[in-house]
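Participant: sequence and computational prediction follow.
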Amino acid sequence: MIIAIEGMDGVGKTTVAKSIEKSLGYKYVKDPLKELLEISEEHLKKISDKIFSYEEDKIKAWYLALGDIYALKNYKNENIVMDRHILLNYFWNGNKESEKIFETQIKLFGRPQLTIVLYASPEVRMKRIVNRNPNDPDLQKLKMKEYGYDKLVQFLEKYEYNYVLVNTQEKSINEVIEECKNIILRSI
C-alpha cells in the first residue's frame, strides 16, 4: 500500500510519516528524486535550485513529478509512506498551463492508495516552524501563501483520490500520529 502524507509546511508531515514507518513497518520515502538519480542531498539541492530558478511552472511541475512517478513505480508492491507526493507540487506549480502534466502523471502512473492531508492555520504552522528552526526558509514561503487547502481539496476531488483530512490545529503530535495510524489501519 502506498500512503502519501500531505499538507503545507509546519503541519507535521515528516514526524507523522516517520512514525508510521516505525510503528506500522512501512518504508519511509522522502526524496525519491535523490534515489532515482543516485546523488547526494547537496547535488540534488543544486539541481533543484537550478530548476526552481526558471519562471515556468511547467518545468518545475515535470521535475517534481519525476520523483513521484519513480516512487509509485518502484515501490508499487511495497508498503510505503511518502512524505509528500503530488499535492504540494500542484499547489505551487498547478495552473492552466501545467494542468496537463498532473493529468498525465495520474493517468499514466496512478496515485497513492491513500492520501492523508494534514492541515492547520498559517499562524499555527508559522509558530511550529519557528519552534523547530527560527531561520527555516519555509517561513518565507509561509508568508507568501495563505491557507491554500481549497486548491488541494479541489485537486483531490477532481482526480478522485482516496483521501482524509486531518486537522492538526489543536492536537499534539502524538494525537495526530494516532489518528493517522487509525485511518491507515481502517484502510487496509
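Facilitator: Looks like it arrived, so ask away.

Participant: hmm, Y26 is touching V81, no?
Facilitator: Yes. At 4.3 Å, Y26 counts as touching V81 under the criterion of Cβ atoms under 8 Å. Glycine gets a C-beta too; all of them are placed from N, C-alpha and C.

Participant: what's the overlap in contacts for the two?
Facilitator: I3, I20 (Cβ atoms under 8 Å, 6 or more residues apart in numbering).

Participant: mind checking which of these two has more residues around it?
Facilitator: Remark: of Y26 and V81, V81 carries more neighbours, 26 against 21, as counted by other Cβ atoms under 10 Å.

Participant: residue ranges with poor pLDDT in the protein?
Facilitator: Residue ranges of the chain with pLDDT under 70: 138-139, 141-147.

Participant: need the longest helix for it.
Facilitator: Longest helix in the chain, counting residues (DSSP state H): helix 57-74.

Participant: in it, what's buried?
Facilitator: 57, 59-65, 67-72 (16 or more other Cβ atoms under 10 Å).

Participant: center of the protein, which residue is that?
Facilitator: The residue lying closest to the centre of the chain (Cα atoms, centre = their mean) is R84, at 1.8 Å.
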